[in-house]
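Enquirer: need the 3D shape of this:
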Amino acid sequence: MAVRPKTLNQAKATYSSNSELAWWVFMRISGLALIFLVLGHVFFNNIQVNVADVDYAYVAERFSKSWVKIYDSFLLGFAMLHGANGLRYSIEDYIKKPGRRFWTKTILFTVVGIIFILGVMTLWAYSFEEMGEAIRALPEG
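Expert: Modelled structure (predicted):
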């Protein structure tokens with residue numbers, strides 16, 4: 001198993017290509033960004049609002065705001081890329097045969113791409129405002 005560099009100078013000396021160095025830097029920046037994005041997400045959904053009050057109408061009202069969609073799109077994008085790149089590192093470390101490694105990474109990136117596209121489509125394609133109004137109009141009982 002290869003020793004991963006811990007500082008930028010070690011990374012520059014270790015990686016032979018600029019793309020690997022860019023991914024190394026991305027992992028540090030996205031990890032820091034994810035900490036703040038997740039803490040903000042927890043604050044807005046679990047601290048600012050009583051969890052018992054969260055229902056479909058609340059979620060629909062929340063997702064009717066564009067800034068929430070943008071925020072959650074960034075959260076999804078950073079989490080997917082950060083996780084996929086971490087899995088890519090593990091694939092590089094543990095799968096030794098080049099052909100098997102290639103196909104494993106191909107499957108990984110395909111699945112990540114599909115999940116990301118479906119997630120962003122779910123955030124942006126539906127009119128949560130109309131759905132929220134429809135849910136609130138249902139008789140209680």
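
Enquirer: all contacts plus neighbour counts: C-alpha atoms, from now on.
Expert: Noted.

Enquirer: for this structure, which segments count as strands?
Expert: Using DSSP state E, the strands of the chain do not appear at all; there are none.

Enquirer: mind listing residues that contact the helix-or-strand element of it with minimal mean pLDDT?
Expert: With mean pLDDT, DSSP states H and E as the measure, the helix or strand of the chain carrying the lowest mean pLDDT is helix 128-137 (a mean of 71). Under the contact criterion Cα atoms under 8 Å, 6 or more residues apart in numbering, helix 128-137 has outside partners 56-61, 63-64.

Enquirer: just the buried residues of the residues you listed.
Expert: If you count burial by 16 or more other Cα atoms under 10 Å, the buried members of the contacts of helix 128-137 come out as 57, 60, 63-64.

Enquirer: could those go into CSV alongside pLDDT?
Expert: Output for these, formatted as CSV (pLDDT from 0 to 100):
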residue, pLDDT
A57, 77
A60, 81
F63, 85
S64, 83
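
Enquirer: what's the closest of those to G31?
Expert: Sorting the buried ones among the contacts of helix 128-137 by distance to G31 puts F63 at the head of the list, at 24.8 Å, by Cα to Cα.

Enquirer: thought that closest one was touching L123?
Expert: Yes. Assessed by Cα atoms under 8 Å, F63 is found in contact with L123 at 7.4 Å.

Enquirer: shared neighbours, these two?
Expert: Taking Cα under 8 Å, 6+ apart as the contact definition, F63 and L123 share the neighbouring residues K69.
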